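Chemist: coords below, sequence missing:
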């Protein structure tokens, strides 16, 4: 491998700048740094441009796209690397699995998104294979087959790195999942599911099958009762009962849909009312919900589970299994975590400013990372010291009020704690505990001791990723100004102020389409909405959130077409 | 393989009715006839149904669909077998290659087409592997992967077999074509071309490539200057210059498109004016046309040709080659031809009633067969004898006029001959030769001797296939009536009349879209039309010819979307 590279490069007269041997978890052995060629590429640019800070963005999903959209590129030289040259509106992926919406209607070429900036953002269709934070280089490889001319590997130097490559499927090491299950992660996954559903029907109607075989082929199993799994089950039910039974009438009574959920309820991250509304709707529709079952293994024909309560093993034959649960860390991120002493963590950790912990100038956002919220108890003495201006050893309400705003900004769990305890004024925190209005350090610790339990990790949703992208682009845009005039909360430990406010997630609600023109929604302010009107709310929200007018019209067109003509069952 | 089948069948308690060993050109060894199961399937049907004649149709293309559309199924029990569960509007395939029209807009599920008949036409998604004309059985195998339950192989008995499985690509045994070329035959081919075009651009803009490598990757070669190749070249040119240069501005001057044609002109089956209009348009557009070159071999990076005039060998590097020339016979047809003594022919031959020669009750239509037009000279003595009513040994004009209608119906080349010689009256045929009005057998032979040269084989087009399908369904529908009251021409050899008129192709014209909203067309009556208005004629004809209102609206929607937003360049 190494020899091959040398030969290639000497032949083309290029200089091998550096060679890097990697312990091959990603399957590659040696890299030729082609910076020399990279420089030649930008040789024509003016001096000013090369003085700009180099930002490399990995990914073209929600986080990356939202970051790029508002980034002011007059001060940055931006390069984007992703194996997908398009942004996909992933919340509509379950609709793509059944052809309610076409795959092409939910994608937008990333070049269209960055082209608005006169092509000054460069995009390379390639996968990042290795991040080298010491030398501030990322190594990439194009995923285009080798028929085309030119080297597939290249490397990019960065001043700032923004990692937004998302997560991969998590099989929880369940055997057979990778081989025999479908996923709803990428556009290609959804297209494959659509073809497989049709395959199951085409196979089931063939002459010479027993009824048992037909039934097996028409048993669709969904593992995971979260929003994705539930929405897919609902879509599939509609597809089968609105469209497929008309053209495969002979097998219409043999179709079964089963949702397997390890917890006690489906949609268990939603409000209880929504969860039981969904369960009732599914029961009416004949979608079987198997709660309290853990999948032990999947084979080509069977799915094997264990009932949590009875420890009994159950096996059922299936025609298709869709694995709609869990997110896992990608290999390149794991390797990166090893390098920055995060090797013992499950997910890449950032601080509240989305900066990767243990490494300079690298940011991570979206599903590939988690914000490691600082615990207030770690800083409790420093906070007390800073608040106790008169060094009296006790804190008055007035002294507390002076720092409370900075505390709430720095430690958002405080606000969550207040809300969950129905406290309307922060000072109640102290008052409530003691009745009196002055506390010493021990009292202060006691008052805040249960606050950190409210620390929640953010869900792996498009909403979080998009907000993080927008937040980070603002930080990048305001970097100069905020360096001089910090706008963040007080640094209790080291003094001074943080440059920026930390990232704060605003939950705007969540939808769960349940099929048959019914949906459930959690709206801001703990509102819950269910039924047909919610489905229409869903239509309008999802249409309005589209990234371009083109995709908006296409999606609306797809919905209208579905209403008039139904879904297409051609196997393409 | 044989053992495996036995085991399987004994296990499920089924009886092996027949076993057939095949000399494995199709890659299979033994078949278990599962008629027992097939019968069990239709056990619930009423007696009348089982008395109907069984028609098996192979294929869901133009010929098969057109046959099924008008077939009266009250007297036939129809089963359709095809690996594609949809009909594709193939004339729009070149548009799909560049995303001007979406793949899904040109397909219609075959079950939608046959469902109009209350599901009485059965469809099986499977490939026909073997035709056994002696026992009137076809053997089929489902192409769905083996994960699903039940046997993939089954067989069907027929009373009438309609073969309409189309042709496969013909590489003319050119080495490397199958491995390194793209084709425009199936919907999947077009989708693959679209992805590859994007790949070529994505690869070409990667950092670290030389300009020469970029140029190689952006060299698109089309082999074949027929309507398909020319239309694809034009589509690609539009795609590149209307859409791709905007998002890949750095490489816009490196793109080259080359059309290789072995003949002296592109579009050489069209009128000369169209051919030269196309060549001029391509020259203005910068599409290189390389006439008089034959492709000798294709490798992953190079295409090797020989100039016909100078016998010189030329090799040019390419990023992608599209092979748009030639149709070949499928393996299952070749095997069938061996069985019916057509083994030495290139294409399956039928008579003028689309009945396969050398075999009973089998019909073949569309690209998979050719009509072997009976030569008039073979029957010339019988014709003379039949026409010479008074047995005088000479034929008068009056006697000739009595049979001329039957002659023209039976031997359509007569009409073509008249037209090409600008003769307006058939009797001129005799007069013109001699001036006198009576001929003997030798004179008669001489008069018609050059007629057979006008025999033309029909082109492999959708138009021919669709007309053949419609013709054959009428024959099937009128079978009972025409048996009693034949409507065909006189049988000169054996006496009596043919049941039906032979198939007669009516050429309705031909389009050649040339890109940039320009098209050329050959219209009926030798009209030629070229330019922008012809493109609009093309739009309206192609929209009106769509098989359903759904695809019609989708195609029109795609065209409109392209006008407003351009073509999508996402790599999905």
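Modeler: All right, it came through fine. Model, not experiment: these values are computed from the prediction.
Chemist: care to break chain A down by domain?
Modeler: Domain ranges of chain A: A:2-49, A:52-83+A:126-167+A:329-373+A:455-502, A:177-328+A:508-565, A:376-454, per automatic domain parsing.
Chemist: so which of these comes closest to residue B:179?
Modeler: domain A:52-83+A:126-167+A:329-373+A:455-502 (9.8 Å; CB to CB). Every residue, glycine included, has its C-beta placed from N, CA and C.
Chemist: Let me see the mean pLDDT of the closest one.
Modeler: The pLDDT scores in domain A:52-83+A:126-167+A:329-373+A:455-502 average 93.
Chemist: about what we covered before: identify whichever of the domains of chain A lies nearest to residue B:486.
Modeler: Nearest to residue B:486, of all the domains of chain A, is domain A:177-328+A:508-565, at 36.9 Å by CB to CB.
Chemist: Next up, the contacts around residue A:138.
Modeler: Listed by CB atoms under 8 Å, 6 or more residues apart in numbering or on different chains, the contact set of residue A:138 reads A:56, A:58, A:81, A:128, A:130-132, A:155-156, A:158, A:161.
Chemist: My reading is that residue A:555 lies in a helix. Confirm?
Modeler: Yes. The assignment for residue A:555 by DSSP: H, G, I helix; E, B strand; the rest coil puts it in a helix.
Chemist: related to what we said a few turns ago, within reach of chain B, which of the contacts of residue A:138 are there?
Modeler: Applying CB under 8 Å from any CB of the partner chain, the subset of the contacts of residue A:138 adjacent to chain B comprises residue A:156.
Chemist: What is the nearest of the contacts of residue A:138 to residue A:461?
Modeler: Nearest member of the contacts of residue A:138 to residue A:461, counting by CB to CB, is residue A:58, at 19.6 Å.
Chemist: From the structure, what's the count of residues near the closest one?
Modeler: When neighbours are counted by other CB atoms under 10 Å in any protein chain shown, residue A:58 registers 27.
Chemist: separation between it and chain B?
Modeler: 15 Å (CB to the nearest CB, to the nearest Å).
Chemist: can I assume that residue is in contact with residue A:79?
Modeler: No. If you go by CB atoms under 8 Å, residue A:58 and residue A:79 don't touch, sitting 9.8 Å apart.
Chemist: Identify the residues contacting the residue of the stretch 401-550 of chain A found nearest chain B.
Modeler: Relative to chain B, the nearest point of the stretch 401-550 of chain A is residue A:550 (4.3 Å; CB to the nearest CB). With contact taken as CB under 8 Å, 6+ apart, residue A:550 is in contact with A:108, B:561, B:564-565, B:568.
Chemist: would you say it is within a helix?
Modeler: Yes. Residue A:550 sits within a helix when classified using three-state DSSP.
Chemist: Closest to chain B out of the contacts of residue A:138?
Modeler: Within the contacts of residue A:138, distances to chain B taken as CB to the nearest CB reach their minimum at residue A:156, with 7.6 Å.
Chemist: Who are the packing partners of the host helix or strand of the closest one?
Modeler: Residue A:156 belongs to strand A:153-157 when elements are defined using DSSP states H and E. Counting contacts by 3 or more CB pairs under 8 Å, 6 or more residues apart in numbering or on different chains; DSSP states H and E, strand A:153-157 is packed against strand A:30-32, helix A:35-41, strand A:53-58, strand A:137-141.
Chemist: For the most centrally placed residue in chain A, which non-adjacent residue is spatially closest?
Modeler: Nearest to the centroid of the C-alpha atoms of chain A, with distances taken as CA atoms, centre = their mean, sits residue A:367, at 3.3 Å. Spatial nearest neighbour of residue A:367, excluding adjacent residues (CB to CB, 6 or more residues apart in numbering or on different chains): residue A:167 at 4.0 Å.
Chemist: next one: residue A:555
Modeler: Nearest residue to residue A:555 in three dimensions, chain neighbours excluded: residue A:105, at 5.0 Å (CB to CB, 6+ apart).
Chemist: tell me the SS of the one you found?
Modeler: Secondary structure assignment for residue A:105 (three-state DSSP): helix.
Chemist: give me the number of residues near the residue of the stretch 301-450 of chain A found nearest chain B?
Modeler: Per CB to the nearest CB, residue A:319 is where the stretch 301-450 of chain A lies closest to chain B, at 6.0 Å. Using other CB under 10 Å, residue A:319 has 26 other residues around it.
Chemist: ok, it - contacts?
Modeler: Shown in contact with residue A:319 (CB under 8 Å, 6+ apart): A:200, A:203-204, A:216-220, B:148-149.
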